[in-house]
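Sharing a model prediction with you, sequence too.
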2 protein chains.
Amino acid sequence: MKVIYYNEGEDNAFWLAGLRAALPQAEFRLWLPGDEAPADYALVWDPPKNMLAGRKGLKAIVNLGAGVDKLLQMGDALPDVPILRLEDAGMAVQMAEYATYAVLRHFRRFDEYDRQAQRHEWQFLPSNNKRDFTVGIMGLGAIGKRIAQSLLHFGFPVRGWSRTRKAIQGVHCFAGTDGLEDFLQDVRALICVLPLTAETTSILNQKTFNKLAFGAYLINIARGKHLVEDDLLAALSSGRIAGATLDVFQEEPLPPGHPFWSDPRIAITPHMAGETFRDDTVRQVVEKLHALERGEAISGIVNRKNGY
Amino acid sequence: MKVIYYNEGEDNAFWLAGLRAALPQAEFRLWLPGDEAPADYALVWDPPKNMLAGRKGLKAIVNLGAGVDKLLQMGDALPDVPILRLEDAGMAVQMAEYATYAVLRHFRRFDEYDRQAQRHEWQFLPSNNKRDFTVGIMGLGAIGKRIAQSLLHFGFPVRGWSRTRKAIQGVHCFAGTDGLEDFLQDVRALICVLPLTAETTSILNQKTFNKLAFGAYLINIARGKHLVEDDLLAALSSGRIAGATLDVFQEEPLPPGHPFWSDPRIAITPHMAGETFRDDTVRQVVEKLHALERGEAISGIVNRKNGY
């Protein structure tokens, strides 16, 4: 089995060593421009277009992350073979940590306590009532489900929304365009972990914000293009949105001088919510390659039409 | 059944209404100085000494909180009747929220990301490895156990320490003075939820800090007197302790000019980690009063010698 590998921004020697140790019978090679030698599989994260465009003989492409939005932007240039994406690989628990942290920070008013402490102020603030504090999760794949479980663990009322209807114990699930308005109603904290597709681009916009509880909190750990950034600024000005924790942005790194930097109601992190850890990723990639070789059923196959 | 009630710092009308609605057959009255009329039970939080000293005819005292340290300071002046304390009453989940928030904040380096964002800096920081990130919990009652469960939910290695040995699934339990050193070894985040007793006063001191992993993090949500504050300042100076989240202090409110206010490595909250919510408290008090009246077995009886 010959495998070409390209993993933008990662330590290639470290990753290749991990892959080779886990699957010694395969030949892994770092893809370099000009390499048109045969390969059965391509393991990629954010690859240059000419790595895959027109390539023949591939059996499948494995995306070394959960989001395939960048890959699918290649459109018809992408070989017509199955694309697999990572479904968890250690990311889900990290996303759950991040989302839970951000919800607790707002719910328990830790951000306000921090600002008080900076002013050397000791002042008890009335607490929020958890029964009224409905958290809404947009996107109910492996990541959204794990986030829901963490919030349920702390007793929050949890709602979820996805393209197709899901059933998750303890979560009030809504689906599709028709279900969006009911889902958003009375939500106090909205978490976005949707895949980025034509349908979900700009889904975090003024219209969406207006359907949430007044003064709701926004957490975006999916993709920057889900959010209409000007609409968030307007919603913060009107008080419709009380604050936001954002890990992703239209442009990354977030440009100097961007208004988000200077708004104390926005907590900014540099796209660190879900790291793909090598060992977890390698384990999942190897399982998928084995299943592919044996022709077994396999999860995480991307539906190009749906975009994830 | 006649019940006298004193609840320092709370809305008495609101609490008495809740108690009366839950147990209409009892007579609840707000205790006022000079009231020496008969009573079967006393429900108290931080009562004046002369409410209880020398009082005859009481069947039991119910402490409207988990910590009985202030009550037991009355010593022999306290009538020789059973003292009951709240074991949870909605506090445990709040303490778990607080502790989990503080652990995640340090583990995921959110405090550093906040400081970077204040400087408009976008910079990925290497992540901590959860397998190496052992969290130690001092105190394994209802609160400590609930905290352990939350940290286990996120996959942290969890250790616990208590006076007498406990068994909690997934938690490596240590006990007594003999077990303290082994418990502290390699702990990266130490959470204190101990009762305040003669034995636990000043337990968070230089000797304790020196046994933790170098650069460990401290979270104290028990009592201010558990911590030797000068030892923490020294441990922060040497780097032995990397930072702390503190909800309780030797003197509360934390006095203006106290060095903790101006150390950015110390996060300060005004004793808000575990609020006693009226409805949860009333439910637990009523259960305890029923059990007492019927002579049934009852949990939460304070052992005066142990101090909790």
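Nice, thanks for sending it over. Numbering: from 1, shown residues only, chains lettered A, B, ... in the order given.

thought A:Asp132 was touching A:Arg188?
Yes: checked against Cβ atoms under 8 Å, the pair A:Asp132 and A:Arg188 is within contact range at 7.2 Å. C-betas here are computed from N, CA, C, even on glycine.

More neighbours: which of the two?
For the pair A:Asp132 and A:Arg188, the greater number of neighbours falls to A:Arg188 (23 against 10), based on other Cβ atoms under 10 Å in any protein chain shown.

Spatially, which residue comes closest to the residue in the stretch 201-308 of chain A positioned nearest to chain B, not counting chain neighbours?
Nearest residue of the stretch 201-308 of chain A to chain B (Cβ to the nearest Cβ) works out as A:Pro253 at 3.8 Å. Of all residues beyond its chain neighbours, the one nearest A:Pro253 is B:Trp122 (3.8 Å), with distances taken as Cβ to Cβ, 6 or more residues apart in numbering or on different chains.

A:Leu254 too?
In space, and not counting its chain neighbours, A:Leu254 is closest to B:Trp122: 5.7 Å by Cβ to Cβ, 6+ apart.

I'd say the one you found and A:Thr269 touch.
No: B:Trp122 lies out of contact with A:Thr269 (Cβ under 8 Å); the separation is 9.2 Å.

The two: which has the busier surroundings?
Between B:Trp122 and A:Thr269, counted using other Cβ under 10 Å, A:Thr269 has the larger neighbour count: 23 against 18.

Contact partners for that one?
Remark: with contacts taken as Cβ atoms under 8 Å, 6 or more residues apart in numbering or on different chains, A:Thr269 is in contact with A:98, A:245-247, B:110, B:113, B:117.

how about a cut-off of 6 Å?
Contacts of A:Thr269 were listed using Cβ atoms under 6 Å, 6 or more residues apart in numbering or on different chains, and they are A:247, B:113.

How about stretch A:228-248 and chain B, touching?
No: with Cβ under 6 Å from any Cβ of the partner chain as the threshold, stretch A:228-248 lies outside contact range of chain B, at a closest distance of 9.5 Å.

which parts of that stretch are buried?
The neighbour-count criterion (16 or more other Cβ atoms under 10 Å in any protein chain shown) identifies A:228-229, A:231-232, A:235-236, A:240-248 as the buried residues of stretch A:228-248.

Out of the residues you listed, name the ones that lie in strands.
Under the assignment DSSP state E, the buried residues of stretch A:228-248 contribute A:241-246 to strands.

about what we covered before: retrieve the pLDDT associated with the residue nearest to A:Leu254.
Among the per-residue scores, B:Trp122 shows a pLDDT of 98.

in which helix or strand would I find it?
Mapping B:Trp122 onto the secondary structure by DSSP states H and E places it in no helix or strand at all.

pretty sure A:Lys288 contacts A:Arg85?
No: with contact taken as Cβ atoms under 6 Å, A:Lys288 and A:Arg85 are classed as non-touching, separated by 9.7 Å.

what ranges do the strands span in the stretch 51-200 of chain A?
Assigned by DSSP state E, counting those that start in this stretch, the stretch 51-200 of chain A shows strands spanning A:60-63, A:83-85, A:135-138, A:158-162, A:171-175, A:189-192.

Can I get the first one in PDB? Just the C-alpha atoms.
Which is strand A:60-63. Once non-C-alpha atoms are left out, strand A:60-63 reads as follows in PDB (Å, rounded to 0.1, in the frame of the first residue of the first chain):
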ATOM      1  CA  ALA A  60      -9.500   7.200  -1.400                       C
ATOM      2  CA  ILE A  61      -8.500  10.500   0.200                       C
ATOM      3  CA  VAL A  62      -8.400  10.800   4.000                       C
ATOM      4  CA  ASN A  63      -8.800  14.300   5.400                       C
END
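
quick check: domain ranges of chain A?
Domain assignment of chain A by automatic domain parsing yields the ranges A:2-87+A:276-294, A:91-268.

what pairs with A:Leu190 across the strands?
Under the criterion DSSP bridges, A:Leu190 forms beta bridges with A:Gly136, A:Leu218.

Surely it and A:Thr134 touch.
No: at 9.8 Å, A:Leu190 does not count as touching A:Thr134 under the criterion of Cβ under 6 Å.

the more surrounded of those two?
The residue with more neighbours, out of A:Leu190 and A:Thr134 and counting by other Cβ under 10 Å, is A:Leu190; that gives 27 against 20.

who touches the residue of the stretch 1-150 of chain A found nearest chain B in this structure?
Nearest residue of the stretch 1-150 of chain A to chain B, counting by Cβ to the nearest Cβ: A:Trp122, 3.8 Å away. For A:Trp122, the contacting residues are B:253-254, B:270, taking Cβ under 6 Å, 6+ apart as the criterion.

By neighbour count, which of these wins?
Compared across the contacts of A:Trp122, B:Leu254 has the highest neighbour count, 21 neighbours, by other Cβ under 10 Å.

Now do the end-to-end distance for stretch A:295-306.
With Cα to Cα, to the nearest Å as the measure, the ends of stretch A:295-306 fall 24 Å from one another.

Please work out the average pLDDT along that stretch.
Confidence over stretch A:295-306, taken as the mean pLDDT, stands at 92.

quick one: contacts of that stretch?
If you take Cβ under 6 Å, 6+ apart as the criterion, stretch A:295-306 is touched by A:68, A:82-85, A:87, A:291.

okay if I get those as JSON lines plus neighbour count and distance to B:Val44?
Listed next are the contacts of stretch A:295-306 as JSON lines, based on neighbours: other Cβ atoms under 10 Å in any protein chain shown; distance: Cβ to Cβ, whole Å:
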{"residue": "A:Val68", "neighbour count": "25", "distance to B:Val44": "61"}
{"residue": "A:Pro82", "neighbour count": "17", "distance to B:Val44": "68"}
{"residue": "A:Ile83", "neighbour count": "21", "distance to B:Val44": "66"}
{"residue": "A:Leu84", "neighbour count": "24", "distance to B:Val44": "63"}
{"residue": "A:Arg85", "neighbour count": "22", "distance to B:Val44": "59"}
{"residue": "A:Glu87", "neighbour count": "15", "distance to B:Val44": "54"}
{"residue": "A:Ala291", "neighbour count": "14", "distance to B:Val44": "64"}
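
Not counting its neighbours along the chain, what's nearest the residue nearest in space to the middle of chain A?
Central residue of chain A (Cα atoms, centre = their mean): A:Ala222, 3.5 Å from the mean position. Nearest-residue entry for A:Ala222: A:Cys192, 4.7 Å, with adjacent residues in sequence omitted and distances by Cβ to Cβ, 6+ apart.

Now for A:Ile83: which residues touch it?
Contacts of A:Ile83 (Cβ under 6 Å, 6+ apart): A:61, A:302.

residues from the stretch 1-150 of chain A in reach of chain B?
For the stretch 1-150 of chain A, the residues in contact with chain B (Cβ under 6 Å from any Cβ) are A:93, A:97, A:101, A:104, A:113, A:117, A:120, A:122, A:124, A:127.

So which bits of stretch A:261-277 are buried?
So for stretch A:261-277, counting by 16+ other Cβ under 10 Å, buried means A:261, A:263, A:266-277.

circling back to that earlier point, specify which member of the contacts of A:Trp122 is nearest to chain A.
When these are ranked by distance to chain A (Cβ to the nearest Cβ), B:Pro253 comes first, at 3.8 Å.
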